[in-house]
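Enquirer: make a model of this:
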Amino acid sequence: MVQRTHLTGARVVLPDGVVDSGRVTVEGTRITAAGPAAGPVAGPAAGHAAGHAAGPTPRPAAGPAPDLAPGPADSGERALDLGGGWIVPGFVDLHVHGGGGASFSAGAPEEALTAIGTHRRHGTTTMLASTVTGDLDDLARQAAALSELAEQGELAGIHFEGPFISAHRCGAHQPSLLREPDPADVRKLVDAARGTARMMTLAPELPGGLESVRLLADSGVLAAVGHTDSSYEAALEAVEAGATVATHLFNAMPPLLHRTPGPVAALLEDERITVELINDGTHLHPAVLGLAFHRAGADRVAFITDAMGAAGMNDGRYPLGPMEVEVRNGVARISDGPTAGSIAGSTLTLDRAFRRAVTVDGLGVEAAVRALSATPARVLGIADRVGSLEPGKDADLVVLDDDFRLRGVMRRGAWVVHPEHG
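Expert: Okay, here's the model as predicted:
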């Protein structure tokens, strides 16, 4: 018998509005209904949703309204009154290198599962595994190992960040391992991923860059502009060639200046580009984040973690590919070598990014949901399955309290973190 669970007593964030005192019904691994618990919606949600609402008036229930009274003990019918708070879609992370002391760059499935589990417990129900610059053969080996987890549904795919990036903007990547984006090398990595390569970050101004962007686009792999020293004009050429993502906009690229706007202006102004933003309070000043968010809009912003192995862990020393990172006060920096002192990814989790977006940056709840769920799901081409609370989609959701702190996480109908247990 398929278990049916009714989640009630919380505000529910739907694609076109917030339902106060709503409900979400889950059967097996799917959402079967989402909307008001019973009767008409009383009005807009209070607090942040009302003050910063980004969508229209809340909509009626999606799917038939069930009788929420629990049935007989053997009926498979369950109701869970959350007693307040919010139900939002599971978060989708386009860019994450590790967590829980583990790194995707290790190329070890058990270590990758540790990182996946860490981020799931913080609300990320869908994620790409991001690699870091390394030897080409080693990256191919990592891709082959990670592709197995993608094929099993543990990952949404692989994101190659490096080695085809600028030595002038390499950040936490090992300079000696960088190389120009020869299309043959790009193809080698894509092929090694066995159909699970979803994105590659490269510097399009390098020799072979534009040809590689075209190759990726033709192969169904997202071409992302990042770790680049490109000009405004070169970035526009990359977009025309097929690039559709800006890797952690502002970070590891020339700054936005009034006479030399660089890639930031080119990527922000083009409607074809989705911009990644790291909302940890370290990578971007709140004013800069607000500038980018309000210029691009929630439908073109994807909040990412860019997290390395220290996410969910204490301060200390951690590996990042071939590099060593030291974390102090939650900020990760390369500990030695030619790039010592460079920020090395983050220790962020997306539940913290969500809370900061609403309570610090002043974004509306609906806008934050789009940037953490709907937009990255669309970018990955999986919005028919994840990214919003709608009947027929995977039962991936996050339960937050009234202060936007995480209470529960469900993935494909199973509790990762139960809201009654924490």
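
Enquirer: longest helix of this protein, counting residues only.
Expert: Among all segments of the chain classified by DSSP state H, the helix with the greatest residue count is helix 136-151.

Enquirer: buried stuff in the strand or helix carrying residue 217?
Expert: Element membership for residue 217 (DSSP states H and E) is helix 209-218. Buried residues in helix 209-218, defined by neighbour count with 16 or more other CB atoms under 10 Å: 209-210, 212-216. Using the backbone N, CA and C atoms, a C-beta is placed for each residue, glycine as well.

Enquirer: of those, which is the nearest to residue 197?
Expert: Proximity of the buried residues of helix 209-218 to residue 197, judged by CB to CB, is greatest for residue 216, which lies at 8.5 Å.

Enquirer: quick revisit: what's next to the helix or strand following the helix holding residue 217, contact-wise?
Expert: Next along the chain after helix 209-218, taking DSSP H and E as the criterion, comes strand 222-225. When contacts are taken as CB atoms under 8 Å, 6 or more residues apart in numbering, the neighbours of strand 222-225 outside the stretch itself are 159, 198-204, 212-213, 216-217, 235, 238-239, 241-247, 263, 267, 273, 276, 379-380.

Enquirer: quick one: buried ones out of those?
Expert: Applying a neighbour-count criterion of 16+ other CB under 10 Å, the buried members of the contacts of strand 222-225 are 159, 198-204, 212-213, 216, 235, 238-239, 241-247, 263, 267, 273, 276, 379-380.

Enquirer: what about those residues, which are in helices?
Expert: In helices, defined here by DSSP H, the members of the buried ones among the contacts of strand 222-225 are 212-213, 216, 235, 238-239, 241, 263, 267, 379-380.

Enquirer: rewinding a little: show me what the helix holding residue 217 is packed against.
Expert: The elements that helix 209-218 packs onto, with contact taken as 3 or more CB pairs under 8 Å, 6 or more residues apart in numbering; DSSP states H and E, are helix 183-192, strand 197-202, strand 222-225, helix 232-241.

Enquirer: ok and that helix relative to helix 183-192, angle-wise?
Expert: Relative orientation of helix 209-218 and helix 183-192, computed by axes from the mean of the first three to the mean of the last three CA atoms, to 10 degrees: 30 degrees.

Enquirer: starting at the chain centroid, how far to helix 209-218?
Expert: The chain centre lies 23 Å from the centre of helix 209-218; the measure is CA atoms, centre = their mean, to the nearest Å.

Enquirer: can I get that helix as CSV, trimmed to CA atoms?
Expert: Taking C-alpha atoms only, helix 209-218 is exported to CSV below (Å, rounded to 0.1, in the frame of the first residue of the first chain):
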residue,chain,number,x,y,z
GLY,A,209,37.6,28.9,-25.8
LEU,A,210,34.8,29.9,-28.2
GLU,A,211,35.1,26.7,-30.1
SER,A,212,34.8,24.8,-26.8
VAL,A,213,31.7,26.8,-25.9
ARG,A,214,30.1,25.8,-29.2
LEU,A,215,31.1,22.1,-28.6
LEU,A,216,29.6,22.1,-25.2
ALA,A,217,26.4,23.7,-26.4
ASP,A,218,26.1,21.3,-29.3
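
Enquirer: what's the span of stretch 306-325, first residue to last?
Expert: 14 Å (CA to CA, to the nearest Å).

Enquirer: do stretch 79-97 as well
Expert: In terms of CA to CA, the two terminal residues of stretch 79-97 are separated by 37 Å.

Enquirer: flag every buried residue along it.
Expert: Residues of stretch 79-97 classed as buried by neighbour count (16+ other CB under 10 Å): 79-80, 82, 85-97.

Enquirer: least confident secondary structure element in the chain?
Expert: Every helix and strand in the chain was compared by mean pLDDT, DSSP states H and E; the lowest is helix 48-51, with a mean of 41.

Enquirer: beyond it, next helix or strand please.
Expert: Read in the C-terminal direction, the helix or strand following helix 48-51 is strand 77-81, with elements assigned using DSSP H and E.

Enquirer: beyond that following strand, next helix or strand please.
Expert: Next helix or strand after strand 77-81 toward the C-terminus (DSSP H and E): strand 86-89.

Enquirer: show me what that next one is packed against.
Expert: strand 4-14, helix 365-369, strand 397-400.

Enquirer: got the ones you listed as TSV, with mean neighbour count, distance to residue 25 and mean pLDDT columns?
Expert: Listed next are the helices and strands packed on strand 86-89 as TSV, based on neighbours: other CB atoms under 10 Å; distance: least, CB to CB, whole Å; pLDDT from 0 to 100:
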stretch	mean neighbour count	distance to residue 25	mean pLDDT
strand 4-14	23	5	97
helix 365-369	27	19	98
strand 397-400	27	11	98
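
Enquirer: export these to CSV and tack on distance to residue 155?
Expert: Shown next, in CSV, are these (distance: least, CB to CB, whole Å):
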stretch, distance to residue 155
strand 4-14, 25
helix 365-369, 22
strand 397-400, 19
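
Enquirer: coming back round to it: can I get the helices and strands packed on helix 209-218 in a markdown table including distance to residue 131 and mean pLDDT?
Expert: Listed next are the helices and strands packed on helix 209-218 as a markdown table, based on distance: least, CB to CB, whole Å; pLDDT from 0 to 100:
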| stretch | distance to residue 131 | mean pLDDT |
| --- | --- | --- |
| helix 183-192 | 9 | 98 |
| strand 197-202 | 10 | 98 |
| strand 222-225 | 13 | 98 |
| helix 232-241 | 21 | 98 |
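
Enquirer: which residue lies nearest the spatial centre of this structure?
Expert: With the centre of the chain defined as its mean C-alpha position, the nearest residue by CA atoms, centre = their mean is residue 93, 1.7 Å away.

Enquirer: and the nearest residue to that one once chain neighbours are set aside, which of the three is it?
Expert: Across the structure, with CB to CB, 6 or more residues apart in numbering as the measure, the residue nearest residue 93 apart from its sequence neighbours is residue 127 (4.3 Å). Following DSSP: H, G, I helix; E, B strand; the rest coil, residue 127 is assigned to strand.

Enquirer: shift numbering so it begins at 16
Expert: Noted, 16 is the first residue going forward, which turns the last one into residue 142.

Enquirer: quick one: residue 142 from residue 368, how far?
Expert: The span separating residue 142 from residue 368 equals 13 Å under the rule CB to CB, to the nearest Å.
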